[in-house]
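Q: Sequence plus the predicted model coming up.
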Number of protein chains: 2
Amino acid sequence: MRAEDRTLLKSTPLFAALSASAIDRLTYNAFVQNLPAGAVLFQQGDQPEFLYILLAGRVALTGRSTEGDEAVIEFFRRGDVFIAPAVVLDLPYLMSTRVLQDARILMIPAEHFREVLARDAALNAALVKELSRHWRLLIRQIKDLKLRTAPQRLAAYLLDLSGGNGGSVELPEERRFLAGRLGMTPESLSRAFAQLQAEGVTGRGRHVSIADAAHLRKFCAFDEIL
Amino acid sequence: MRAEDRTLLKSTPLFAALSASAIDRLTYNAFVQNLPAGAVLFQQGDQPEFLYILLAGRVALTGRSTEGDEAVIEFFRRGDVFIAPAVVLDLPYLMSTRVLQDARILMIPAEHFREVLARDAALNAALVKELSRHWRLLIRQIKDLKLRTAPQRLAAYLLDLSGGNGGSVELPEERRFLAGRLGMTPESLSRAFAQLQAEGVTGRGRHVSIADAAHLRKFCAFDEIL
DNA sequence: GGCGCGGGTTGATTCAGATCAACGTTGTGC
DNA sequence: GCACAACGTTGATCTGAATCAACCCGCGCC
């Protein structure tokens, strides 16, 4: 693990509150793995062997249907800890992980993590907060799927990206993955972008800009639903 | 709080691992409230003032859209602790709570809960597990919404109710609420039931029975998706 | 018993989004 | 610089589920 990785760890919500020695205890038998875009970290149904922390790159959690189509459940970025619940409960992963952009990933053996967890009160407290935050993101996604149309979901996502008050945004994912995350097909995403032009959303490629954030918030009921 | 309530608390995953004195500390300034069906415990957007534990009855967590239609996010039953994340993080509730069947609810002041949480390692550990379990339920619901059709969602729900291996099931909710939980309208739920007859699901009113669980599992990709 | 009412079902129609297919566009490797 | 291959867009069509409306049924109540 590089020095910059330690710095990154200290800046994540989960590890920020931990002492240097606690982080040492947690990571002494951990290791870093580099994975190219397209790689699959683990498959849904696998028994968890590691807790993963993304040091660089981007990955997506995906669910698979019987017919083989993948639905993106959530994206993760630098500093994110993922699938903690499977590790804590020692139950099979409920989804697969696909690398979207070349990634550096810190892997902490699951058994070791659980042992430290059982002894370390600060880690427990940090994990409670981390899980709580994530829980809220999932609730928001479910509300999104149940209460909004496709263009509204896109609008809300763009507002989230922009920090909620518009301006210009860089899409961090390819559009087809974004489509999955938003619960629609790439074609529908394309049309959703087209529709949002009428609401002041313009841009090409990865770059998108929001002319009138207040109006877009209203369009997708940003404040009412989330 | 009645003696039977203490017994119930001890039987929940969150409190099972706690000592009697820890439970005392947590509940000494808590109180019990009785609420009739139809009551609303709190509204989405409210600041959390209590942690809720359902001692009897049934409640639903619901999201509201601007147009006023409610989507059921999740049901809770006797023994369930809900909206812990909002309390832990001291952020506004992301949903509302509606009482479905007359309920007895234990209410622990949020501030007090956070204070105890900060000191009690066992409570922290229990809450990590509780949140992890719930996190997995939410992931399953998102996969459900993204990967399954309406009849498949119903089939998977029925299988869950039956413990996964068929037989006969008692629907715990009115159908219109069940429809919301499954992300469809009551009409669609009705048609979904009609379609499932072809897959060996029969019944009237609250009572439903599954003739061939193996077949139904296959129909909804029970094992592949969840 | 009859009446009213809320919840559930059934049918007809509409609509959002998926699917299928063709066509751009971007970027990448030789 | 060109060719090929992804990726993305656009258009036509299809379909699952929503909507709108009528009807049914079980249940409480006077």
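A: Everything's here; your move.
Q: Surely residue A:92 is in contact with residue A:49?
A: No - taking contacts as CB atoms under 8 Å, residue A:92 lies outside contact range of residue A:49: 11.2 Å. C-beta coordinates here come from the backbone N, C-alpha and C atoms, glycine included.
Q: quick one: which of these two has more around it?
A: residue A:92 (14 against 11; other CB atoms under 10 Å in any protein chain shown).
Q: ok, and for the longest helix along chain A, which residues are buried?
A: In chain A, with assignment by DSSP state H, the single longest helix is helix A:121-147. Within helix A:121-147, the residues that count as buried by 16 or more other CB atoms under 10 Å in any protein chain shown are A:121, A:123-132, A:134-136, A:138-147.
Q: likewise stretch A:22-32?
A: Counting neighbours by 16+ other CB under 10 Å, stretch A:22-32 gives A:22, A:23, A:25, A:26, A:27, A:30 as buried.
Q: Using PDB, write out every CA atom in the helix or strand where the second one lies.
A: Just to be clear, that refers to residue A:23. In this structure, residue A:23 sits in helix A:20-27 according to DSSP states H and E. The C-alpha trace of helix A:20-27 is given here as PDB (Å, rounded to 0.1, in the frame of the first residue of the first chain):
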ATOM      1  CA  ALA A  20      -3.300   5.000  12.700                       C
ATOM      2  CA  SER A  21      -2.800   1.900  14.800                       C
ATOM      3  CA  ALA A  22      -6.300   0.800  14.100                       C
ATOM      4  CA  ILE A  23      -5.800   1.200  10.400                       C
ATOM      5  CA  ASP A  24      -2.600  -0.800  10.700                       C
ATOM      6  CA  ARG A  25      -4.300  -3.600  12.400                       C
ATOM      7  CA  LEU A  26      -7.000  -3.600   9.800                       C
ATOM      8  CA  THR A  27      -4.600  -3.600   6.800                       C
END
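Q: what's the following helix or strand after that helix?
A: Taking DSSP H and E, what comes next after helix A:20-27 is strand A:31-35.
Q: Quick check: buried residues in the helix or strand that comes right after that next one?
A: With elements assigned by DSSP H and E, the helix or strand that comes after strand A:31-35 is strand A:50-64. Buried positions in strand A:50-64, judged by neighbour count with 16+ other CB under 10 Å: A:50-64.
Q: which of these lies closest to chain B?
A: Nearest to chain B among the buried residues of strand A:50-64, counting by CB to the nearest CB, is residue A:63 at 3.9 Å.
Q: check contacts around the closest one.
A: A:44, A:70-71, A:73, A:94-96, B:139, B:142-143, B:146-147, B:225 (CB atoms under 8 Å, 6 or more residues apart in numbering or on different chains).
Q: Just send these back as JSON lines, with pLDDT and distance to DNA strand D too.
A: Formatted as JSON lines, these follow (pLDDT from 0 to 100; distance: CB to the nearest atom of the strand, whole Å):
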{"residue": "A:44", "pLDDT": "90", "distance to DNA strand D": "22"}
{"residue": "A:70", "pLDDT": "82", "distance to DNA strand D": "13"}
{"residue": "A:71", "pLDDT": "89", "distance to DNA strand D": "14"}
{"residue": "A:73", "pLDDT": "92", "distance to DNA strand D": "18"}
{"residue": "A:94", "pLDDT": "91", "distance to DNA strand D": "21"}
{"residue": "A:95", "pLDDT": "91", "distance to DNA strand D": "20"}
{"residue": "A:96", "pLDDT": "90", "distance to DNA strand D": "17"}
{"residue": "B:139", "pLDDT": "91", "distance to DNA strand D": "20"}
{"residue": "B:142", "pLDDT": "93", "distance to DNA strand D": "15"}
{"residue": "B:143", "pLDDT": "93", "distance to DNA strand D": "14"}
{"residue": "B:146", "pLDDT": "94", "distance to DNA strand D": "11"}
{"residue": "B:147", "pLDDT": "93", "distance to DNA strand D": "11"}
{"residue": "B:225", "pLDDT": "73", "distance to DNA strand D": "14"}
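Q: wait, what's in contact with residue A:215?
A: A:199, A:200.
Q: just how off-centre is the helix or strand it falls within within its chain?
A: Element membership of residue A:215, judged by DSSP H and E, is helix A:213-219. Averaging C-alpha positions (CA atoms, centre = their mean, to the nearest Å) puts helix A:213-219 24 Å from its chain's average.
Q: and if you look at stretch A:122-137?
A: 14 Å.
Q: If I take the longest helix of chain A and helix B:121-147, what angle do their directions form?
A: Counting by axes from the mean of the first three to the mean of the last three CA atoms, to 10 degrees, helix A:121-147 lies at 30 degrees to helix B:121-147.
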